[in-house]
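Colleague: show me how the following folds:
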Amino acid sequence: MRVFAIAGMMLAAGIAWGQAPIERRAPSQQPNQDLPLQTLHVETRLVNVALNVADATGAPVGGLGKDDFEIFEDGKPQKIAIFERESTSPLSVVLALDGSESILRNEHLEKEAAKKFVKALLRDQDEMDVMTFSDTVREVVSFTNDKSRIEAGLGSIEHGDATALYNAVYLASQRLAETSAANNRRRVLVLVTDGGDTVKGVRYTQALEQAQRAGVLVYSLIIVPIEADAGRNTGGEHALMQFGMDTGGKYYYVNDAKDLAPALAKVSDDLRTQYVLGYYAPQRGRDTSFRSISIRMKDPGLAAKYGLRYRTGYYANGK
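Modeller: Below you'll find the predicted structure:
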């Protein structure tokens, strides 16, 4: 079991987005064979964007093609270099479970729902990490494809009085940043929590920036402890909603423990019906700023019918 220390933590300087070095070599026949061959290395940065398309009822829309979309960085059009329909690209998933006393009602149902989610989601190319958070953040299972290891970890959740939610988002995003970016891998954080951050440490803005730097899709399953406004942390709920909107993830309300399994199934379906678009980012020297992303449908008729969900931008790595 790995225990993360939160105190004294500094923001990561950034992550390296997928890079594809291009080599250009001089022709083999040279006028002067005594001159050495020169190699020019040009660095390009591939930016992958997971995209969900839904109709007015929220149902996923499949069957669209590369030519149906256009993508922009900071308002400037970019050429779509990669397009996947109903993506089969691998997943790295952190399942982060709130172990605070504030959400415990039917622990058995919650663990069984998580086990069903693992069985339904994980394929041979996928991997999952399990974390719990209450007073501190603990990694109970490191990244693995072994479902039996994950299920065993789900049975060893420790509980506490507090909720280190933003610390969990920050540390989970750090772990996801360490995963391979090959094969258009998608990085996903699934939070099961009531949204009430009660531990001093990482702030909301820091947690969001770390998720954006790692290219993480944040899905929040918001456990509603009390349906009346009194006793509910609506500020925490709004923060979880914003995580989803800014990273291209989503949020779901869970009013009863028996509703957790269907909500996790919706997360799995959402990931299975995603498109993935990729483009090579413009070079701007040692720029590390946040770059905005926007995607549109070319056909105004389709644009009026369908809604698009994707991350709003990324941080350049300055290389």
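Colleague: pLDDT weak spots in the stretch 101-250 of the chain?
Modeller: The stretch 101-250 of the chain contains residues with pLDDT under 70 at 102-106, 225-234.
Colleague: tell me the first helix or strand C-terminal of the helix or strand that contains residue 221.
Modeller: Following DSSP states H and E, one finds residue 221 within strand 216-223. Once the chain leaves strand 216-223, the next helix or strand it forms, by DSSP H and E, is helix 234-247.
Colleague: give me the pLDDT for the closest residue to residue 66 other than its chain neighbours.
Modeller: The spatial neighbour of residue 66 that comes closest, neighbours along the chain excluded (CB to CB, 6 or more residues apart in numbering), is residue 83 at 3.9 Å. Where C-beta positions appear, they are placed from N, C-alpha and C, glycine not excepted. Here the pLDDT value assigned to residue 83 is 95.
Colleague: repeat for residue 5
Modeller: 45.
Colleague: ok, residue 55 next?
Modeller: pLDDT, read off for residue 55, is 96.
Colleague: tell me, how many neighbours does it end up with?
Modeller: Residue 55 has 11 neighbours, counted by other CB atoms under 10 Å.
Colleague: tell me the average confidence for stretch 265-272?
Modeller: 94.
Colleague: could I have that stretch exported to CSV, CA atoms only?
Modeller: What follows is stretch 265-272 as a C-alpha-only set of coordinates in CSV (Å, rounded to 0.1, in the frame of the first residue of the first chain):
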residue,chain,number,x,y,z
ALA,A,265,-22.3,1.5,-16.2
LYS,A,266,-23.1,4.9,-17.7
VAL,A,267,-19.4,5.9,-17.3
SER,A,268,-18.3,2.6,-19.0
ASP,A,269,-20.8,3.3,-21.9
ASP,A,270,-19.6,6.9,-22.2
LEU,A,271,-16.0,5.7,-22.6
ARG,A,272,-17.0,3.1,-25.2
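Colleague: please compute how far it lies from its chain's middle.
Modeller: The chain centre lies 13 Å from the centre of stretch 265-272; the measure is CA atoms, centre = their mean, to the nearest Å.
Colleague: residues contacting that stretch, please?
Modeller: For stretch 265-272, the surrounding residues in contact (CB atoms under 8 Å, 6 or more residues apart in numbering) are 52, 60, 86, 91, 116-117, 120-121, 186, 188, 190, 219, 221, 250, 252.
Colleague: just flag the most distant two among those.
Modeller: 86 and 221 (23.2 Å; CB to CB).
Colleague: between the contacts of stretch 265-272, which sits nearest residue 274?
Modeller: residue 52 (5.6 Å).
Colleague: quick check: chain neighbours aside, which residue is closest to the closest one?
Modeller: Once flanking residues are discounted, residue 52 sits nearest to residue 309: 4.4 Å by CB to CB, 6+ apart.
Colleague: residue 296 too?
Modeller: residue 70 (5.3 Å).
Colleague: looking at it, that neighbour is touching residue 77, isn't it?
Modeller: Yes: the pair residue 70 / residue 77 is scored as a contact, 6.2 Å apart, by CB atoms under 8 Å.
Colleague: so which of those two has more stuff around it?
Modeller: Applying other CB under 10 Å to residue 70 and residue 77 shows that residue 70 carries more neighbours, namely 15 against 12.
Colleague: relative to residue 273, which of the contacts of stretch 265-272 is nearest.
Modeller: residue 60 (3.9 Å).
Colleague: the stretch 101-250 of the chain: strands as residue ranges?
Modeller: All strands of the stretch 101-250 of the chain, identified by DSSP state E, counting those that start in this stretch, fall at 127-133, 137-144, 186-193, 216-223, 250-254.
Colleague: pick the most deeply packed of those strands.
Modeller: strand 216-223 (a mean of 27; mean count of other CB atoms under 10 Å).
Colleague: just the buried positions in stretch 266-283, please.
Modeller: With burial defined by 16 or more other CB atoms under 10 Å, the residues of stretch 266-283 counted as buried are 267-268, 270-271, 273-281.
Colleague: which ones among those residues are found in helices?
Modeller: 267-268, 270-271 (DSSP state H).
Colleague: now the helices for the stretch 1-150 of the chain?
Modeller: In the stretch 1-150 of the chain, the helices defined using DSSP state H, counting those that start in this stretch lie at 107-121, 147-154.
Colleague: which of the ones you listed sits closest to residue 313?
Modeller: Here helix 107-121 is closest among the helices of the stretch 1-150 of the chain (CB to CB), at 26.6 Å.
Colleague: what angle do that closest one and strand 127-133 make?
Modeller: 160 degrees (axes from the mean of the first three to the mean of the last three CA atoms, to 10 degrees).
Colleague: list of residues touching helix 107-121?
Modeller: 91, 93, 95, 97, 128, 147, 150-151, 154-155, 157, 190, 192, 257-258, 260-261, 264-265, 267-268, 271.
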